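In: structure of the sequence below:
(one chain, ligands or ions: 1)
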Amino acid sequence: MADQDAQIGEGTRPPEIPAVRWEEPPEGPVLVLLDQTRLPAEEVELVCTDASALVEAIRSLAVRGAPLLGIVGAYGVALAAARGFDVEEAASALAGARPTAVNLAVGVRRARAAHRDALARTGDAREAAEAALAAARALHREDAEASVRMAGHGLALLDELLPGGGHRVLTHCNTGSLVSGGEGTAFAVALAAHRAGRLRRLWVDETRPLLQGARLTAYEAARTGMAYTLLTDNAAGSLFAAGEVDAVLIGADRIAADGSVANKVGSYPLAVLARYHHVPFIVVAPVTTVDPDTPDGASIEVEQRPGYEVTEVTAPQAPVTGAGGGIPVAPLGTQAYNPAFDVTPPELVTAIVTEEGVISPVTSEALAGLCARSRQV
Ligand code: MRU
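Out: The predicted structure is shown next:
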């Protein structure tokens, strides 16, 4: 089988621009995002001065990925407060910008609660804005810490499941520093294996239709110097059949109380393939992605995206001609089915890795125990 090495980068080098940062120029506070729709062609900043700009950035996927959405949601509340906008209005617009990743609503709720509490306690809008910002900063920091711990737990699990090292790991979508305050979730585990000299190859699913794997994960992998190879999503089956995959590592947008995992569309077929081929299917996510209020997979709202994302392709900076601004790849008027996520049932998930530890098998009791442990910290 073809085993071409993709370009290998010059060593561990994160993007020059962090995925998100808070700044306070003389004109007033801003949230500066790395515009992920422009990657890998160029690193461009997107400067947001209010919640509506952030809502647009979230919807267009300029900023994306569950943990980062939580962080941005919290900073968005802080931004509205610092600039004197209606905080409650901003909070509900932000929380509703995308429905599936529960981290977004959790981040917004946390900053809004800090704002409300401080306002009730002091009656001072400035203090309340500072409290919202402190909450956002704390979430940002905690997410970075959670990344480190997930990487440690995840690598230990890989080593246990695959004694002998030389792991060949398949991943889907994008789960590295572009979606996190730190080095990410599933990608952070692969990176830990690479640093330990135990990652033989990262197989990167391109992740149709918006190519988060090709545009973003390959971009991140190239900067670490790890061996990685890009494949089309529909090549994964033949890769499993050839015995080239030792484990699947993916992130999550929401984990229901029964352990069902919503993640980028295409994750569920990988879980089915992994089960058929006796390959561990491992989900890596912070505890903030577990939603005890969503009882099961059927209760997870799956975002439906516009059809033109399927009927057109939009390469960064490509000439634009189609209704969605891209190059048509289907006859005009073609209907498209375009869910952004799918749901994998717990029985297909070998393990869930969080910063609080690993659960395997995945049961509602084990998940509840993990959440309880996290609340005690
Ligand atoms: O639509 P996206 O790009 O926001 O989807 C992102 C994913 O599905 C990621 O796999 C998920 O958020 C986990 S990120 C650690």
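In: what does the stretch 251-377 of the chain have sitting close to the ligand?
Out: Within the stretch 251-377 of the chain, the positions adjacent to the ligand are 251-253, 263-264, 340 by CB under 6 Å from any ligand atom. Heads up, the C-betas are built off the backbone N, CA and C, glycines and all.
In: which of these sits closest to residue 323?
Out: residue 340 (19.0 Å; CB to CB).
In: if we can go back for a sec, so can I have JSON lines of the residues of the stretch 251-377 of the chain next to the ligand showing pLDDT?
Out: JSON lines is the format used below for those (pLDDT from 0 to 100):
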{"residue": "251", "pLDDT": "98"}
{"residue": "252", "pLDDT": "98"}
{"residue": "253", "pLDDT": "98"}
{"residue": "263", "pLDDT": "98"}
{"residue": "264", "pLDDT": "98"}
{"residue": "340", "pLDDT": "98"}
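In: mind checking which of the residues you listed are in strands?
Out: 263-264 (DSSP state E).
In: what about residue 56, neighbour count?
Out: 13 (other CB atoms under 10 Å).
In: can you pull the contacts of it?
Out: Residues near residue 56 by CB atoms under 8 Å, 6 or more residues apart in numbering: residue 62.
In: can you check residue 339 too?
Out: 265, 302-305.
In: give the closest residue to the residue in the chain positioned nearest to the ligand in space, chain neighbours not counted.
Out: Using CB to the nearest ligand atom, the single residue of the chain nearest to the ligand is residue 251, 2.7 Å away. Counting by CB to CB, 6 or more residues apart in numbering, residue 175 is the residue found nearest to residue 251 once chain neighbours are left out, at 3.9 Å.
In: and residue 311, by the same measure?
Out: That would be residue 330: by CB to CB, 6+ apart, it lies 4.1 Å from residue 311.
In: go on, residue 300?
Out: residue 262 (4.7 Å).
In: I'd say the one you found and residue 341 touch.
Out: Yes. The pair residue 262 and residue 341 qualifies as a contact (CB atoms under 8 Å) at a distance of 4.8 Å.
In: give me the most central residue, this protein.
Out: residue 65 (2.8 Å; CA atoms, centre = their mean).
In: what's the distance between the residue nearest to it when sequence neighbours are not counted and residue 67?
Out: Of all residues not flanking residue 65 in the chain, residue 179 sits nearest, at 2.5 Å (CB to CB, 6+ apart). Going from residue 179 to residue 67 by CB to CB, to the nearest Å gives 6 Å.
In: shared neighbours, the two?
Out: residue 185.
In: between these two, tell me which one has more neighbours.
Out: Ranked by neighbour count (other CB under 10 Å), residue 179 and residue 67 place residue 67 first, with 33 against 30.
In: tell me the SS of that one?
Out: helix (DSSP: H, G, I helix; E, B strand; the rest coil).
In: I figured it was touching residue 178, is that so?
Out: No. Residue 67 is not in contact with residue 178 according to CB under 8 Å; the separation is 10.4 Å.
In: okay, and the common contacts of the two?
Out: By CB under 8 Å, 6+ apart, the residues touching both residue 67 and residue 178 are residue 184.
In: from the contact counts, what lies against the strand or helix carrying residue 365?
Out: Element membership for residue 365, per DSSP states H and E: helix 364-376. On a contact count with 3 or more CB pairs under 8 Å, 6 or more residues apart in numbering; DSSP states H and E, helix 364-376 meets strand 290-291, strand 351-354, strand 357-359.
In: paired strands for the second one, with orientation please.
Out: Listed by DSSP bridges, the sheet partners of strand 351-354 and their directions read strand 281-284 (parallel), strand 357-359 (antiparallel).
In: mean neighbour count added to those strands, as CSV?
Out: CSV is the format used below for those (neighbours: other CB atoms under 10 Å):
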stretch, mean neighbour count
strand 281-284, 26
strand 357-359, 19
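In: okay if I get these as JSON lines plus mean pLDDT and distance to residue 216?
Out: Output for the strands paired with strand 351-354, formatted as JSON lines (pLDDT from 0 to 100; distance: least, CB to CB, whole Å):
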{"stretch": "strand 281-284", "mean pLDDT": "98", "distance to residue 216": "16"}
{"stretch": "strand 357-359", "mean pLDDT": "97", "distance to residue 216": "26"}
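In: which one of the ones you listed lies closest to residue 153?
Out: strand 357-359 (5.4 Å).
In: contacts for the closest one next, please.
Out: Residues from elsewhere that reach strand 357-359 (CB under 8 Å, 6+ apart): 153-154, 156-157, 351-352, 366-367, 369-370, 373.
In: centre of the chain to that strand, how far?
Out: 19 Å (CA atoms, centre = their mean, to the nearest Å).
In: looking at the strands paired with strand 351-354, which is nearest to residue 322?
Out: strand 281-284 (34.9 Å).
In: restricting to C-alpha, output that closest one in PDB.
Out: The C-alpha coordinates for strand 281-284 follow below in PDB (Å, rounded to 0.1, in the frame of the first residue of the first chain):
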ATOM      1  CA  PHE A 281     -11.500   3.700  19.600                       C
ATOM      2  CA  ILE A 282     -10.500   6.300  22.200                       C
ATOM      3  CA  VAL A 283     -12.200   9.600  22.900                       C
ATOM      4  CA  VAL A 284     -10.200  12.400  24.500                       C
END
